[in-house]
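Chemist: Sequence plus predicted model, see below.
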Amino acid sequence: MHVRDVSGSNSGFASVAITGTLWASGQMILNRGATVVATLVISRYLSVEEVAMATLAVMIVRFLSVLPPLTMSDVLISRGQHADRFMSSAQSTALLVAVLTLVVVSVLAPAIISVYPQFPRVLLYALVVVVALRAIGDGAQVGPLTELRISFRNRELAVIDGSLQLVATALGVVLAVLGAGAWAIIVPISFASVGKAIGYRLMRRRLLGPLRNREFIGSRGAASRSILSQEFGITAGAHYVHGVIDTLPVLLLGKLAGEAAAGFYAFGFNLAVQAEAIIAAQISSMLQPVLSRFRDDANRQIASYLRTLRFLGACSVPVCACQAAFADAAFKLCFEPRWEPAAPIFAILSLCGAFFFATAPTMALLKAQGRSRTLLAWQSGHLFVSAILLTLAALYGGAIWVATASTGIWACSLVLAAWLGIRSQGDSPWTVIKVFVAPWITAFPIGLAAWYLSGWLLTFGVWGSLVDLGILAPATFVAMMGATRWSQPSTFREMLTLAEVALARLKRR
């Protein structure tokens, strides 16, 4: 297998992941605009109940998918230069797990659906089965995706992911206009997964040539595959717990607070996390192969992780702070009045995104360190706390309290997890606390001032909202990024340098 040479300095290694993220960011900007348009269309053609039902179907599948097949790619990456020796058996195992997942979901889903009698059972079951088809696409991705990740084909991965997401978004818009209801949200999910499996396989064949089977054979191979299976079970378990954490808010709200609360939460959540979700997926894919190269050099590994975390924080916090500050203006101008209860939920979950950006790199670090048990323990503890606090929030405060509780839990949990990842080198918790606090030093006062000014402009009706989003919001973001130049000069210089590198590569193409 041809692997790009990314050896060299610690800075060079982290740049591979960060530059790849810039490619993803270009796709993200395009997809972000498409998602906003799609959300506007969906908000007009779908009811709150249909949004709630579609989101519930997704959450039921995640709850029942105990062994996410795509996790096998992360396990292979952790094997370093020997990953290709397990590629064939890992791919077949992933496909087997995918088929079993589809069967398990199809059999057990009716029991969970019966807990939500307010939704049409047959329709909800059909939605669940179609979402579960995504597992087949995820399982088929494992081999080609892993090889592309090991080869640091970050640009190609970003193009495939971004392009398919754009097509899936357009498909959702068409279905919504045609009156497909909840299907407008569900069908694009499985479509994108199957499309990625095809795209990765075609790209892998074009760039890397025919697959060479180098699998271990005999007793050595059997022992190695046994270890690989154990690692897959633990890592997949950690990802499953992470998925359950994501499903809890909608599942609890749907049962304890009603379908309207679940629908508003789902709408605000889906809109708030678009930027974070795209970047998180790319970072998780790109960063782990880089960090895995440092498995025997903890100092460089942790330095690369912290550098990536600072870079992402400097980019993510201003975006999320602006989303929160201008939530009311965006909902008043862009959405029908019936969706306005989702505005504060969107604002709170946008603030959650200002911490959540650390999730993907932190999980990538722990997996690269071979600490799947630590990853599982962290997510299990997070789930235990979330189950208690979110249940109380859903019972007594509804969707807004659930969003607030979730934000607080993630903020504390991610600082703890980041410290668990770096403490082997004697670093104190203050090392990671400073990484999280630094971008807020500049973003918070600017965002707070913008929020107050935005509230005043809204008193002028539609024209005030237009000034809010057309002038004040861009000015606020520019001010935050300009302040970053003062508060985090080295990170700001790095952002400019990497942007120049990305642009130069784009021009050469």
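Modeler: In hand now; what should we look at?
Chemist: contacts and neighbour counts: CA atoms only from here.
Modeler: Fine.
Chemist: for the stretch 101-250 of the chain, which spans come out with low pLDDT?
Modeler: Scanning the stretch 101-250 of the chain for pLDDT under 70 picks out 208-228.
Chemist: For it, just list every one of the helices.
Modeler: Under the criterion DSSP state H, counting those that start in this stretch, the stretch 101-250 of the chain contains helices at 121-132, 134-150, 154-177, 183-208, 218-256.
Chemist: between those helices, which gets nearest to Arg423?
Modeler: For Arg423, the closest of the helices of the stretch 101-250 of the chain is helix 218-256, at 20.4 Å, according to CA to CA.
Chemist: Centre of the chain to that closest one, how far?
Modeler: How far helix 218-256 lies from its chain's middle: 17 Å, per CA atoms, centre = their mean, to the nearest Å.
Chemist: which parts of it are buried?
Modeler: 225, 228-229, 231-256 (16 or more other CA atoms under 10 Å).
Chemist: Quick one: the helices of the stretch 101-250 of the chain as CSV, columns for distance to Phe331 too.
Modeler: Listed next are these as CSV, based on distance: least, CA to CA, whole Å:
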stretch, distance to Phe331
helix 121-132, 28
helix 134-150, 31
helix 154-177, 19
helix 183-208, 20
helix 218-256, 21
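Chemist: Rounded mean pLDDT for stretch 419-433, please.
Modeler: Confidence for stretch 419-433, expressed as mean pLDDT, is 82.
Chemist: in it, what's buried?
Modeler: Neighbour-count burial for stretch 419-433 [16+ other CA under 10 Å]: Trp419, Leu420, Gly421, Ile422, Val432, Ile433.
Chemist: in which helix or strand would I find the third one?
Modeler: Assigned by DSSP states H and E, Gly421 belongs to helix 398-422.
Chemist: packing partners for that helix?
Modeler: Helices and strands touching helix 398-422, by 3 or more CA pairs under 8 Å, 6 or more residues apart in numbering; DSSP states H and E, are helix 218-256, helix 259-272, helix 342-356, helix 359-368, helix 372-396, helix 429-458.
Chemist: Output those helices as a markdown table; include the columns distance to Ala168.
Modeler: Formatted as a markdown table, the helices and strands packed on helix 398-422 follow (distance: least, CA to CA, whole Å):
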| stretch | distance to Ala168 |
| --- | --- |
| helix 218-256 | 22 |
| helix 259-272 | 15 |
| helix 342-356 | 23 |
| helix 359-368 | 23 |
| helix 372-396 | 30 |
| helix 429-458 | 33 |
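Chemist: For Leu306, give me its contacts.
Modeler: Val435 (CA atoms under 8 Å, 6 or more residues apart in numbering).
Chemist: tell me which element it falls in.
Modeler: helix 298-325.
Chemist: and the angle from that helix to helix 429-458?
Modeler: 20 degrees (axes from the mean of the first three to the mean of the last three CA atoms, to 10 degrees).
Chemist: quick revisit: quick one: closest of the helices and strands packed on helix 398-422 to Leu95.
Modeler: helix 218-256 (13.5 Å).
Chemist: Could you find the closest non-adjacent residue to Ser454?
Modeler: Leaving aside its chain neighbours, Ser454 sits nearest to Asp468 (6.0 Å; criterion: CA to CA, 6 or more residues apart in numbering).
Chemist: Tell me if I'm right that that neighbour and Ala329 touch.
Modeler: Yes: applying CA atoms under 8 Å as the test, Asp468 and Ala329 come out as touching, 6.7 Å apart.
Chemist: Name the residues contacting each of these two.
Modeler: Ser454, Leu458.
Chemist: still on that earlier bit, got the angle between the helix holding Leu306 and helix 259-272?
Modeler: Using the same axes, to 10 degrees: helix 298-325 against helix 259-272 is 120 degrees.
Chemist: Which residues in helix 298-325 does the neighbour count mark as buried?
Modeler: Buried, per 16+ other CA under 10 Å, within helix 298-325: 300-325.
Chemist: distance of the nearest residue to Leu448 once chain neighbours are set aside from Ile348?
Modeler: Nearest non-adjacent residue to Leu448, counting by CA to CA, 6+ apart: Ala325, 7.2 Å away. Using CA to CA, to the nearest Å, Ala325 is found at 10 Å from Ile348.
Chemist: How about the helix holding Gly421, which residues are buried there?
Modeler: 398-407, 409-411, 413-415, 417-422.
Chemist: coming back round to it: who's in contact with the residue nearest to Leu448?
Modeler: So Ala325 contacts Ala347, Gly447, Leu448, Ala450, Trp451, Ser454 (CA under 8 Å, 6+ apart).
Chemist: close enough to count as contact, the second one and Thr476?
Modeler: Yes: because the distance of 7.1 Å satisfies CA under 8 Å, Gly447 is recorded as touching Thr476.
Chemist: Looking at these two now, which is surrounded by more residues?
Modeler: Comparing Gly447 with Thr476 by neighbour count (other CA atoms under 10 Å), the higher total belongs to Gly447, at 25 against 22.
Chemist: Next one: Ser89 from Met72, what distance?
Modeler: Taken as CA to CA, the span from Ser89 to Met72 is 11 Å.
Chemist: more crowded one of these two?
Modeler: Between Ser89 and Met72, counted using other CA under 10 Å, Met72 has the larger neighbour count: 29 against 13.
Chemist: Quick check: which element contains that one?
Modeler: Per DSSP H and E: helix 71-77 holds Met72.
Chemist: Return the distance of that helix from the chain's centre.
Modeler: Centroid displacement of helix 71-77 relative to its chain, using CA atoms, centre = their mean, is 17 Å.
Chemist: now do stretch 91-102
Modeler: Relative to its chain's centre, stretch 91-102 lies at 22 Å (CA atoms, centre = their mean).
Chemist: again, but for stretch 322-333
Modeler: That offset, for stretch 322-333, works out to 22 Å (CA atoms, centre = their mean).
Chemist: For the remainder of this discussion, apply numbering that starts at 835.
Modeler: Will do, 835 is the new start, and the previous item becomes stretch 1156-1167.
Chemist: ok, Gly1006 touching Ile1019?
Modeler: Yes: the criterion here is CA under 8 Å, and Gly1006 meets it with Ile1019 at 6.0 Å.
Chemist: give the contact list for Ala1177.
Modeler: Gly1102, Ala1161, Asp1162, Phe1165.
Chemist: Closest one of these to Ile947?
Modeler: Taking CA to CA as the measure, Ile947 lies nearest Gly1102 of those, at 23.2 Å.
Chemist: Show the contacting residues for that closest one.
Modeler: Applying CA under 8 Å, 6+ apart, the residues near Gly1102 are Ala1176, Ala1177, Ile1179, Phe1180, Leu1183.
Chemist: What sits closest to Gly1187 if chain neighbours are left out?
Modeler: That would be Cys1154: by CA to CA, 6+ apart, it lies 6.2 Å from Gly1187.
Chemist: correct me, but the one you found touches Ala1188?
Modeler: Yes: Cys1154 is within contact range of Ala1188, at 5.6 Å (criterion: CA under 8 Å).
Chemist: what about the residue nearest to Gly1187, distance to Thr1142?
Modeler: 18 Å.
Chemist: centre of the chain versus stretch 1271-1290, how much separation?
Modeler: For stretch 1271-1290, the distance to the chain centre is 25 Å (CA atoms, centre = their mean).
Chemist: Buried residues, that stretch. List them.
Modeler: Those would be Ala1272, Pro1273, Trp1274, Thr1276, Ala1277, Phe1278, Ile1280, Gly1281, Ala1284, Trp1285, Ser1288, Gly1289, for stretch 1271-1290 by 16+ other CA under 10 Å.
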